[in-house]
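Asks: Task: produce atomic coordinates for the following.
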Amino acid sequence: MQNGNPVLKSLWAALEREPRINLHRWPIQIGLTDDSVLVMEGDVGSIAAKKIALELAGATPSVRGVVDRLHVAPSEPRGDGAILDSLTALLRDARELKNCALRVIRKGETLTLQEAGGEDASGDLLVAVKDGVVTLRGKVESERAKNKASKLARKVKGVKNVVNELTISTH
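Replies: Model prediction:
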């Protein structure tokens, strides 16, 4: 924390009052840039704790934005390959993503696991995992498909964070 900054003190007090965040077990580092943007870093114990911490940060007076560098500590540490395998199995089974091409980046190489569904092709999904962080890129046909991909990624054991860069295709 930056020496006695009232914005940071206010946020720190709010974080300490929230029992689901548990700063003693999961310390969070917070900072404030010169242009009043909060930066939050560290591990948290759950997705709920992460969401609450970010909501509290966003509600802090005088803050113009929040940079999220928080990760959910995995309940079961797993390697990137195991995470990728579990996630691709879930994505293949998702009804909302059936007609999407599915590609993965494994050891720096892009591999196609599923071709798009012919005339019914509705997107192209590229999945990468690095240090437990899942990145989803490409295009899908709807907001529902985009949200489904994120939801499935968050379900996989060992995932620390999900970066959803999917866009909605405009046929």
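Asks: Same question for stretch 149-168: list its buried residues.
Replies: Neighbour counts over stretch 149-168 (16 or more other C-beta atoms under 10 Å) mark 149, 152-153, 156, 158-162, 164, 166 as buried. Bear in mind the C-beta positions are built from the backbone N, C-alpha and C, glycine included.
Asks: again, but for stretch 140-148
Replies: Buried residues in stretch 140-148, counted by 16+ other C-beta under 10 Å: 140-141, 145-146, 148.
Asks: possible to save these as CSV with secondary structure and pLDDT?
Replies: Shown next, in CSV, are the buried residues of stretch 140-148 (DSSP: H, G, I helix; E, B strand; the rest coil; pLDDT from 0 to 100):
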residue, secondary structure, pLDDT
140, strand, 91
141, coil, 89
145, helix, 91
146, helix, 94
148, helix, 94
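Asks: which among the residues you listed gets closest to residue 37?
Replies: Of all the buried residues of stretch 140-148, residue 37 sits closest to residue 146, with 25.8 Å by C-beta to C-beta.
Asks: My guess is that closest one contacts residue 140. True?
Replies: Yes - with contact defined as C-beta atoms under 8 Å, residue 146 and residue 140 form a contacting pair (5.2 Å).
Asks: Using the record's domain definitions, break this structure down for me.
Replies: Following automatic domain parsing, the chain resolves into domains at 6-72, 80-168.
Asks: Span of the shortest one from start to end?
Replies: Meaning domain 6-72. Taking C-alpha to C-alpha, to the nearest Å, domain 6-72 runs 27 Å from one end to the other.
Asks: again, but for the longest one
Replies: One end of domain 80-168 sits 27 Å from the other (C-alpha to C-alpha).
Asks: ok, back up a step: overlap of the contact sets of residue 146 and residue 140?
Replies: 166, 168 (C-beta atoms under 8 Å, 6 or more residues apart in numbering).
Asks: need the next SSE after the helix or strand containing residue 153, C-terminal direction.
Replies: Using DSSP states H and E, residue 153 sits in helix 143-155. Remark: after helix 143-155, the chain's next helix or strand is strand 161-168, criterion DSSP H and E.
Asks: Listing partners with orientation, what would you give for that following strand?
Replies: Take DSSP bridges as the rule and strand 161-168 pairs in its sheet with strand 133-140 (parallel).
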